[in-house]
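S.K.: The following block contains a protein sequence and its predicted model.
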Amino acid sequence: MSQATKRKHVVKEVLGEHMVPSDQQQIVRVLRTPGNNLHEVETAQGQRFLVSMPSKYRKNIWIKRGDFLIVDPIEEGEKVKAEISFVLCKDHVRSLQKDGHWPEAFSEVAEKHNNRNRQAQPELPAEPQSSGEESSSEDDSDLFVNTNRRQYHESEEESEEEEAT
């Protein structure tokens, strides 16, 4: 099977079906990613441990802090105590909450995560189209601000002094 075909099937599996955890499986939240396809997770009871990512998900599905997973326990592991069996997206979380399978400890965390996504993508109000003069104004306040770079502010006084010299 080619890499593209494999990726297509893995993504379809993750996004398509809604999975309910079995008796041995548990829902966990990702805290951090130390590397080597390992993720530190926390259970609803507050227990922390490492989980491994199976090879079918590697380089196909990305997991970040705050995501929720369904994991299978590993008996022989000392540090790595489980393996990821399913990655939960927002739709999966909502369906698990409706069905009553969602842990109470994660209920407020999931709500905060959903609210943060709504705030990060605010809806822009529809602005009426007006004359060409107003649309060509040099107001840059609505542009994206890169928070990874330092912000340099130049005042009008400084620019006038530089022109005078």
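M.R.: Received it, and whenever you're ready, just let me know what you need. Residues are numbered from 1 along each chain as shown.
S.K.: can you give me the helices in the chain?
M.R.: All helices of the chain, identified by DSSP state H, fall at 3-16, 90-99, 107-120, 132-135, 156-164.
S.K.: the bottom helix or strand of the protein by mean pLDDT?
M.R.: helix 132-135 (a mean of 49; mean pLDDT, DSSP states H and E).
S.K.: what pLDDT, on average, does stretch 38-51 get?
M.R.: Mean pLDDT, stretch 38-51: 95.
S.K.: List the buried residues in that stretch.
M.R.: Residues of stretch 38-51 classed as buried by neighbour count (16 or more other CB atoms under 10 Å): 39, 41-44, 49-51. Placement of C-beta: from N, CA and C, glycine included.
S.K.: and those residues, which two are the farthest apart?
M.R.: Using CB to CB, the pair of these lying farthest apart is Ala44 and Leu50, separated by 17.3 Å.
S.K.: Skip the chain neighbours and tell me the closest residue to Leu88.
M.R.: Closest residue in space to Leu88, ignoring its immediate chain neighbours: Phe68 at 4.3 Å, by CB to CB, 6 or more residues apart in numbering.
S.K.: show me the residues around the one you found that make contact.
M.R.: 27-30, 88, 92-93, 106, 110 (CB atoms under 8 Å, 6 or more residues apart in numbering).
S.K.: if we go to 10 Å?
M.R.: 27-30, 41, 86-90, 92-93, 96, 102-103, 106, 109-110, 113 (CB atoms under 10 Å, 6 or more residues apart in numbering).
S.K.: Whichever of those residues end up buried, select them in PyMOL.
M.R.: Only the buried entries of the contacts of Phe68 go into this PyMOL selection, using 16+ other CB under 10 Å:
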select buried, resi 27+28+29+30+41+86+87+88+92+93+96+102+103+106+109+110+113
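S.K.: coming back round to it: can I get the buried residues of stretch 38-51 in JSON lines with distance to Asn148?
M.R.: Output for those, formatted as JSON lines (distance: CB to CB, whole Å):
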{"residue": "His39", "distance to Asn148": "24"}
{"residue": "Val41", "distance to Asn148": "27"}
{"residue": "Glu42", "distance to Asn148": "28"}
{"residue": "Thr43", "distance to Asn148": "33"}
{"residue": "Ala44", "distance to Asn148": "34"}
{"residue": "Phe49", "distance to Asn148": "32"}
{"residue": "Leu50", "distance to Asn148": "29"}
{"residue": "Val51", "distance to Asn148": "29"}
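S.K.: Restricted to strands, list these.
M.R.: Members of those lying in strands (criterion: DSSP state E): 39, 41-43, 49-51.
S.K.: Nice, that's everything, thank you.
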